[in-house]
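1. kindly generate the corresponding structure for this input.
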Amino acid sequence: MKKHVFLLALVCLFVTQINGAGEDLDPSLIPLKPLLDKTWEGFLKAPDGSAEFRVIREFEVMDGGKVIRMTKVNRDLNGFGEGFIHWDDIEQKAAFFFIEKSGAFLKGFVTAGNGAITFEGQMTWPKAMPQGKQTYDFKNTFEVKSETEMVDSWFHNAFGPWRPGHRIPFTCRQDNPDKKAEEIAAITKTIDSCIGWFKDKDFDRFFGAVVNDPKYISILPSDRIIRGYDQVRKNSVIYKDPEFKYVRHEIRNLTINLSQSGDTAWFFCNLDDINTWKGEPANWENARWTGVLEKIDGKWVLVQQHFSFPER
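-> Numbering: from 1, shown residues only. Next comes the predicted model:
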């Protein structure tokens, strides 16, 4: 436990404001420039070749160009990792530290040459692997083919002699205004479906707009919180009552932000949701609505939302 606390404290030492691509890179880190400020996308193949898992890697300059932050996301396998590269003035080398969501961590040094950027060091798991070492040596090379192509190759001695691990070709995903506009339009449609479904009481439209997951959460202006997809379906029974009638709805000032990885979005808007219950008004007027969406199996769904009123 003390070791994990120490590791988290070490990571926190490096966490400062990220200022982005506009920062001047420290001369000692310039050899790593081919990796920087791009969204690298590749696919990790299962050992038997039966499946592929999307991997996103990003390298960002921070702390006045003295540190590089690196992240790895694999949503298919619920994986995430984050680390930092900095100049080690004692060893006179670029050093790195990286920690995975699983608790595994990597540390060592980075070198560049012969068209490749190489991370070498040790990897440690929270528990020993079956028939393998808990801590072992590794070598991870990023062979830069062009400004938009690289190959990630892994080697290790976890089970004795050195052996190759994964080999992932990565491409740099370029900004495509048309593609982004297409995604924003799809996100907008999902947001509207979360309210507009009630006009025709199209329950399939409603249920299809929210994630089918127990982790779904909806925070209402009252003290009420809806948790999980099953609770959404259970609470929807009231809307079947013919005394509950749609009048109109309007979404204003809609602002949508898309993540660099392209599979997460968050939004803000003002909402009028005008209805009647047994002939009496049942309205939300000028509600503030924020939420998060995720693209799952090619479809945008709401995973979390929060409603509030300015005067409350």
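2. Val151 and Glu120: what is the separation?
-> 17 Å (C-beta to C-beta, to the nearest Å). Placement of C-beta: from N, CA and C, glycine included.
3. I meant Asp297, not that one.
-> Taking C-beta to C-beta, one finds Asp297 at 38 Å from Glu120.
4. what of Lys245?
-> Counting by C-beta to C-beta, the gap from Lys245 to Glu120 is 67 Å.
5. okay, Asp297 and Glu120: which has more neighbours?
-> Shown here are Asp297 and Glu120; by other C-beta atoms under 10 Å, Glu120 has more neighbours (16 against 5).
6. now the more buried one: which helix or strand?
-> strand 116-124 (DSSP states H and E).
7. so what secondary structure elements neighbour the helix or strand following that strand?
-> Sequence-wise, the next helix or strand downstream of strand 116-124 (DSSP H and E) is strand 135-146. Under the contact definition 3 or more C-beta pairs under 8 Å, 6 or more residues apart in numbering; DSSP states H and E, strand 135-146 sits against strand 116-124, strand 149-156.
8. tell me the angle of the shortest one relative to strand 116-124?
-> Computed by axes from the mean of the first three to the mean of the last three C-alpha atoms, to 10 degrees, the angle separating strand 149-156 from strand 116-124 equals 30 degrees.
9. quick one: the strands in the stretch 101-250 of the chain?
-> Along the stretch 101-250 of the chain, counting by DSSP state E, counting those that start in this stretch, strands occupy 105-113, 116-124, 135-146, 149-156, 163-172, 217-219, 225-227, 244-258.
10. what is the neighbour count of Gln134?
-> 13.
11. my read: it touches Ala128, true?
-> Yes - applying C-beta atoms under 8 Å, one finds Gln134 in contact with Ala128, separated by 4.0 Å.
12. after the helix or strand bottoming out on mean pLDDT in the chain, next one along is what?
-> Of the helices and strands making up the chain, the lowest-confidence element is helix 2-14, at a mean of 36, by mean pLDDT, DSSP states H and E. Per DSSP H and E, the first helix or strand lying C-terminal to helix 2-14 is strand 39-45.
13. could you pull out the buried residues of the helix or strand following that next one?
-> Of the helices and strands lying after strand 39-45 in sequence (DSSP H and E), the nearest is strand 52-62. Buried positions in strand 52-62, judged by neighbour count with 16 or more other C-beta atoms under 10 Å: Val55, Ile56, Arg57, Glu58, Phe59, Glu60, Val61, Met62.
14. would you reformat those as a markdown table and include pLDDT and distance to Asn212?
-> As requested, those are exported to a markdown table (pLDDT from 0 to 100; distance: C-beta to C-beta, whole Å):
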| residue | pLDDT | distance to Asn212 |
| --- | --- | --- |
| Val55 | 94 | 24 |
| Ile56 | 93 | 23 |
| Arg57 | 94 | 29 |
| Glu58 | 92 | 29 |
| Phe59 | 93 | 34 |
| Glu60 | 92 | 33 |
| Val61 | 93 | 39 |
| Met62 | 91 | 37 |
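15. fine by me, we can end here.
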